[in-house]
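Chemist: Turn this into a structure:
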Amino acid sequence: MDSPPIEQVKIQAKVVVPLIKTLRAKLGEERRRYPAQSPRRPLSRGWRAMVAPAAGIRPRRKDGRDLRLVAGGDALDYEVVNLTANTFGVNIVGCRYSKFFHEISEPELGFLLVCSADFPMSEGFGDDVKLTRTQTIMEGASHCDFRYALKK
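Modeler: Numbering: from 1, shown residues only. Below is the predicted model of the structure:
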């Protein structure tokens, strides 16, 4: 059985965070933003399964319960704020990914390793889907605001 994405992130962080800290020390603070922004495959599958079906933008269930795929392991608390044939909006109001990276004092790395994958993952929905996200809990906001829309 596959582990929930949050557990996969924690396991990967045990290897990646020390490696990035070592690179940071060797490269210096001015070179902090190195290529650590590869899409997260397990999370990608979850978001695609949630958003891609039907009109290519909305979850399979009208109440947004397919979000459980990426929220597995009690990783996310969310509320669906908009659902039409052409749009899907969800606010992440609780994020254990953020909590984990804040606990290890690495929210910037959490953003690079988890949050930065949101836009590359949304590209997998097709050229006609646009994601807008203006804030994240990882960066200190009260919630993450995901808004998917079919381009006209």
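
Chemist: what helices or strands is whichever helix or strand residue 7 is part of leaning on?
Modeler: In this structure, residue 7 sits in helix 5-27 according to DSSP states H and E. Of the remaining helices and strands, those touching helix 5-27 by 3 or more CB pairs under 8 Å, 6 or more residues apart in numbering; DSSP states H and E are helix 41-51, helix 96-103, helix 107-113. All C-beta spots, glycine's among them, are computed from the backbone N, C-alpha and C.

Chemist: mean pLDDT for those helices: which is lowest?
Modeler: Per-stretch mean pLDDT for these is lowest at helix 41-51 (a mean of 45).

Chemist: And the lowest mean pLDDT element among the helices and strands of the protein?
Modeler: Using mean pLDDT, DSSP states H and E, helix 41-51 stands out as the lowest-scoring helix or strand of the chain, at a mean of 45.

Chemist: list the contacts for the nearest residue to residue 110 once chain neighbours are set aside?
Modeler: Leaving aside its sequence neighbours, residue 110 sits nearest to residue 101 (CB to CB, 6 or more residues apart in numbering; 2.8 Å). Residues counted as contacts of residue 101 (CB atoms under 8 Å, 6 or more residues apart in numbering) are 13, 107, 109-111, 113-114, 138.

Chemist: Check the gap between residue 101 and residue 124 for me.
Modeler: Using CB to CB, to the nearest Å, residue 101 is found at 24 Å from residue 124.

Chemist: which of the contacts of residue 101 has the most neighbours?
Modeler: In terms of neighbours by other CB atoms under 10 Å, those top out with residue 110 at 26 neighbours.

Chemist: Is that one in contact with residue 99, as I believe?
Modeler: No: between residue 110 and residue 99 there is no contact under CB atoms under 8 Å: 9.5 Å.

Chemist: mind listing what's buried in stretch 112-119?
Modeler: By neighbour count on 16 or more other CB atoms under 10 Å, the buried set for stretch 112-119 is 112-118.

Chemist: got the contact list for whichever strand or helix holds residue 148?
Modeler: Per DSSP H and E, residue 148 falls inside strand 144-150. Applying CB under 8 Å, 6+ apart, the external contacts of strand 144-150 come out as 51, 55-58, 82, 86-92, 95, 115, 118, 122, 125, 128-138.
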